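Asker: Give me a 3D structure for the following:
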Amino acid sequence: MCLFRSKFKDAIDYLDQIFEDLKKECDVATEDKNNNASQREEDPRRTASSIGEQEAAKRVDNENDRR
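Answerer: From the prediction side, this is the model:
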């Protein structure tokens, strides 16, 4: 009976370690995702309004070239 408890405890400890490792990986992945998202928000070339402004500027430049 003691051998069964020892193996059971070892199995639980092993599963706990796997859980902790997965939790760390998820935390790192979440941090990376959040960092990438904040970098996109800080980059004005990526915002919808600046993309629209860039397109509008191109149209104005094209119209000026035609004249």
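
Asker: Which strand or helix spans residue 25?
Answerer: Assigning secondary structure by DSSP states H and E places residue 25 in helix 2-42.

Asker: State the mean pLDDT of that helix.
Answerer: Helix 2-42 carries an average pLDDT of 84.

Asker: Output the contacting helices and strands for that helix.
Answerer: Judged by 3 or more C-beta pairs under 8 Å, 6 or more residues apart in numbering; DSSP states H and E, helix 2-42 has no packing partners among the helices and strands. Glycine gets a C-beta too; all of them are placed from N, C-alpha and C.

Asker: Please renumber the chain so that the first residue is 53 from this point on.
Answerer: New numbering, starting at 53: the last item is helix 54-94.

Asker: What about residue 62, how many residues nearby?
Answerer: As a burial measure, residue 62 scores 10 neighbours (other C-beta atoms under 10 Å).

Asker: how about it, what does it touch?
Answerer: Residue 62 makes no contacts at all, as judged by C-beta atoms under 8 Å, 6 or more residues apart in numbering.

Asker: what does residue 66 give?
Answerer: Residue 66 neighbours (C-beta under 8 Å, 6+ apart): none.

Asker: any idea how far it lies from residue 60?
Answerer: 11 Å (C-beta to C-beta, to the nearest Å).

Asker: And residue 75, by the same measure?
Answerer: 22 Å.

Asker: where's residue 83 relative to residue 61, distance?
Answerer: Distance, residue 83 to residue 61, using C-beta to C-beta: 33 Å.

Asker: no, scratch that, I was asking about residue 88
Answerer: Using C-beta to C-beta, we find residue 88 at a distance of 41 Å from residue 61.

Asker: cool, and residue 108?
Answerer: Distance from residue 108 to residue 61, by C-beta to C-beta: 68 Å.
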